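**Q** I'll drop the sequence and a predicted model, then ask my questions.
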Amino acid sequence: MRLRVGLIGLGDGWQNRHAPALRALADRFEVRAICEQVAHRAALIAADFDAAAVDGYRTLCSREDIDAVLILAPQWYGALPILAACESGKAVYCAAGLDLDPEEAQAVKRRVEESGIAFMAEFPRRYASATLRLRELIATRLGRPRILFCHQRSPAPLLGNHIAQREPHHAALRDLVELVDWCSYVVDLPPTAVTGLVHRSHIDSRVEEDYHMMSLDFSDPAAPGTGAVAQISCGRYIPAEWHEAISYRPLAALQASCANGIAFIDLPSTVVWFDEAGRHQESLDSERPVGEQMLTQFHRAITSLVRKTSDLEDAYRALTIVQQARRSHAEGRRIPLGPS
């Protein structure tokens, strides 16, 4: 079954992930319409895919020749395209991190559930071949995770670029939500408590959040610190112009200390792990690109007779944990997390 899709926003993953995946899966997806706040870009991409450039997300969602909506960038409209898709009964693939407060996030989750549409949040780290191999190693060789170190270092916005200055908050939120989900996916449990820290710097006349850190505790609530712990950091403190500094001695994207060994993950396809036998290095470059894998999963979610809701639950949980980490910073204390 070939699905007719509309694109809302064309984010920083368009050239390297989404466009190649849509071309490779042309037998499953047909791009019919594009809505992008930069009209010239929308027109160029629409011409490339023989699609229509549409002025608004509501117009796109209400089109009869659209089966599903791909939200690929966190532009000014926030969660409104998701609500519009719910009203029109269109499936949603969401690659945009949503900056919502807890009440708004809960309302969006409830609306998606009530509408009965298929919903998939984009979590590329989950589907990376290195992550899948790590899960296999945990089950067979390394044993259960004890401590995870998860780092994301990105360039700060260019000075004087007002559009880029607005983007880091959304990008940092998107990164944090995905890192929380990634650690939870590797441990295969939801965290039970979070401690957060936000660092702010004064740049010109602005105050920028240039570093976020959180600690996730996966222990039984009755025995804190006895289960797995994940240390997550997300920094945007190196100016974009300092290319050498950004790439200097990068840390592994994920370091997992397990009961019987330790593993270092470099996305998307490299795993280096150690056990009592010594060092093992694996390169998994032959796997299908992550973008294709995720869109294939989305296609199955729509065409399957069984409605998949785990992505919605996981995305909501990760967003809530990030919000609670900010609360932890504001209140200066560890925040317990409920089962929901």
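**A** Ah, there it is. Numbering: from 1, shown residues only.
**Q** Was I right to think residue 80 contacts residue 57?
**A** Yes - if you go by C-beta atoms under 8 Å, residue 80 and residue 57 touch, sitting 6.7 Å apart. Where C-beta positions appear, they are placed from N, C-alpha and C, glycine not excepted.
**Q** who has more neighbours, these two?
**A** Taking other C-beta atoms under 10 Å, residue 80 and residue 57 do not tie; residue 57 has more neighbours (22 against 15).
**Q** Please look at that one and residue 81 and confirm they touch.
**A** Yes - counting by C-beta under 8 Å, residue 81 is a contact partner of residue 57 at 4.4 Å.
**Q** Could you pull out the residues contacting both of the two?
**A** Common neighbours of residue 57 and residue 81 (criterion: C-beta atoms under 8 Å, 6 or more residues apart in numbering): residue 8.
**Q** looking at this structure, which helix or strand does the model trust least?
**A** Lowest on mean pLDDT, DSSP states H and E among the helices and strands of the chain sits helix 162-187, with a mean of 77.
**Q** Now the element after that one, going C-ward?
**A** Going down the chain from helix 162-187, the next helix or strand is strand 193-203, by DSSP states H and E.
**Q** Now do the buried residues in that following strand.
**A** Buried residues in strand 193-203, counted by 16 or more other C-beta atoms under 10 Å: 193, 194, 195, 196, 198.
**Q** Spell out which strands sit alongside that strand in the sheet and which way each one runs.
**A** Partner strands and pairing direction for strand 193-203 (DSSP bridges) are strand 206-217 (antiparallel), strand 335-336 (antiparallel).
**Q** how far out from the middle of the chain is the shortest one?
**A** What that stands for is strand 335-336. On the basis of C-alpha atoms, centre = their mean, to the nearest Å, strand 335-336 sits 23 Å off its chain's mean C-alpha point.
**Q** one step back: is it possible to get the strands paired with strand 193-203 out as a markdown table so that each row also shows mean neighbour count, distance to residue 249 and mean pLDDT?
**A** A markdown table is the format used below for the strands paired with strand 193-203 (neighbours: other C-beta atoms under 10 Å; distance: least, C-beta to C-beta, whole Å; pLDDT from 0 to 100):
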| stretch | mean neighbour count | distance to residue 249 | mean pLDDT |
| --- | --- | --- | --- |
| strand 206-217 | 19 | 17 | 89 |
| strand 335-336 | 15 | 33 | 96 |
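**Q** Serialize the ones you listed to TSV and add fields for distance to residue 137.
**A** As requested, the strands paired with strand 193-203 are arranged in TSV below (distance: least, C-beta to C-beta, whole Å):
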stretch	distance to residue 137
strand 206-217	21
strand 335-336	31
